[in-house]
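Student: below are the sequence and a predicted model for it; my questions follow.
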Amino acid sequence: MKQNNWFDPFYIQSHLSEDELRIQENVREFCEKELKPNVIEMNRKNQFNIDLYPKFGDLGVLGQTLKTHGGSSTSNLAYGLVAYEFEKIDSSYRSSISVQSSLVIHPINEFGTENQKNKYLPELISGRKIGCFGLTESEAGSDPSSMKTTFKEVNDGYIISGSKNWITNAPIADVFIIWALEEKKDYKSIKGFILEKNFKGLKTSQIENKTSLKISPTGQIILDNVLVPKDSLLENTNGWKSVFSCLNKARFGISWGVLGAATECWMIAKEYVENRIMFKKPLASNQLIQKKLSEMQIEINLGLASCLLTAKALDDGKEIINAISILKKNNCQKALDICRDSRDMLGANGLLEEYHVMRHLVNLETVKTYEGAEDIHSLILGKNQTGISSF
Ligand SMILES: Cc1cc2nc3c(=O)[nH]c(=O)nc-3n(C[C@H](O)[C@H](O)[C@H](O)COP(=O)(O)OP(=O)(O)OC[C@H]3O[C@@H](n4cnc5c(N)ncnc54)[C@H](O)[C@@H]3O)c2cc1C
């Protein structure tokens, strides 16, 4: 009998190198052993265990695509697979590696000086230090150019003033990538800086009442005339292009990650309906239920196939900005639909913590919003298609 490849109809696994297969397998084992057993408890307590960072470092998933400073020198495809496995457990855990890799290690590596790279990258890649990325402000979300945080050059460095809000890891971070505007008479320019938690005037607080992505610490950063030394400036930043280079790297990981959450919910629903007897037969024997399972299979596999093509293009050095917006928008929406259907197929039990689907569903509401809300990606795609910006 021919093998039934319902789980991987496009033979995605056959496109992975031995290294990529091994990385995925190792990470899956790590997630099952280290993250899954207490995910419900950590979510209930809004708690993140910072001792996980050195373990992520040992696993080689922080700044994993870097070839220097202790990076694992993996492909971008392997980074996508890691995000997929982490988000099967919880979007918070995928966020913790995405932020450290794409939003902290990446800008230091791309825009930093040799001194900055030598000082920060080994610590961040090993997980001995935790980083965060401060772009969003209370009044500047989808439109970060309206930010109020400014910097001005003084004799012994720069003074940064303002505040950031909704920043992943802010309450636990040692290293802060902060984006600020220089306001001159006729222009504003954006620059990135590396700050440290003990800089005078830098304070953080935690958002305690979050109902989504509860394991991931999120907070505010207050920058009260923080005097930073000259060598805090990320010298090679090149305007907004540099900001978007970080965001696009993170969005690539998210596009893979959300399909991990969706796969988990699909598998939970499948097992449940195969075992749940209603009207004297398994729920899985009903056509309406099979239709839902098939839709999950279709959307997840179409999403994964597109992620695979995008990863290969990225590894070949191609420009992927349109693919990134397509995947961020579509995969988040499809993953939300799948988790919601899964919740429905479990009936009342779908509301229970131990079935995980409700936690995934609520987490994905965050993932849909951050890194460019869903509609913002439509606007990016519309602008690129028509040449007309509607922002
Ligand atoms: C848990 C969590 C963690 C986060 N972590 C980070 C982080 O580490 N670093 C960081 O810098 N930020 C972070 N963010 C912030 C996130 O990136 C912003 O929330 C996001 O950019 C949206 O901004 P906003 O919440 O202000 O929504 P708004 O920009 O106010 O948008 C609200 C709604 O209006 C829509 N909208 C906006 N403009 C338009 C328009 N022109 N046309 C049509 N519709 C429009 C949006 O699509 C959205 O639906 C995080 C957010 C969350 C929830």
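Tutor: Cool, the structure landed.
Student: who in the stretch 101-250 of the chain is up against the ligand?
Tutor: Taking CB under 6 Å from any ligand atom, the part of the stretch 101-250 of the chain that reaches the ligand is made up of Phe133, Gly134, Leu135, Thr136, Gly141, Ser142, Trp166, Ile167, Thr168, Leu213, Thr218. C-beta: built from backbone N, CA, C; applies to glycine.
Student: the helices in the stretch 201-350 of the chain, which residues?
Tutor: Under the criterion DSSP state H, counting those that start in this stretch, the stretch 201-350 of the chain contains helices at 240-275, 287-315, 321-345.
Student: between these, which gets nearest to Ser205?
Tutor: Proximity to Ser205 (CB to CB) singles out helix 240-275 among those, at 23.4 Å.
Student: give me the mean pLDDT for the closest one.
Tutor: Mean pLDDT, helix 240-275: 97.
Student: minimum distance to the ligand, which residue of the stretch 101-250 of the chain gives it?
Tutor: Gly141 (1.8 Å; CB to the nearest ligand atom).
Student: what sits against that residue?
Tutor: Counting by CB atoms under 8 Å, 6 or more residues apart in numbering, Gly141 touches Trp166, Ala373.
Student: test for you: state the pLDDT assigned to whichever residue of the stretch 251-391 of the chain sits closest to the ligand.
Tutor: Proximity to the ligand, evaluated over the stretch 251-391 of the chain using CB to the nearest ligand atom, is greatest for Ala373 at 3.3 Å. pLDDT, Ala373: 96.
Student: next, the closest residue to it other than its chain neighbours: secondary structure please.
Tutor: The shortest distance from Ala373 to any non-neighbouring residue, by CB to CB, 6 or more residues apart in numbering, is to Ser142 (5.9 Å). Per DSSP: H, G, I helix; E, B strand; the rest coil, the secondary structure class of Ser142 is coil.
Student: thought Thr136 was touching the residue of the stretch 251-391 of the chain closest to the ligand, still the case?
Tutor: No. Assessed by CB atoms under 8 Å, Ala373 is found out of contact with Thr136, at 11.4 Å.
Student: tell me, what's touching the two both at once?
Tutor: In contact with both Ala373 and Thr136: no residue, using CB under 8 Å, 6+ apart.
Student: pretty sure Lys129 is in a helix, no?
Tutor: No. Assigned with three-state DSSP, Lys129 falls outside any helix and is coil.
Student: ok, now which ones touch it?
Tutor: Lys129 touches Tyr120, Glu123, Asp174, Val175, counting by CB under 8 Å, 6+ apart.
Student: hmm, the third one is touching Glu196, no?
Tutor: Pointing back at Asp174 there. Yes. Between Asp174 and Glu196 there is a contact under CB under 8 Å: 6.6 Å.
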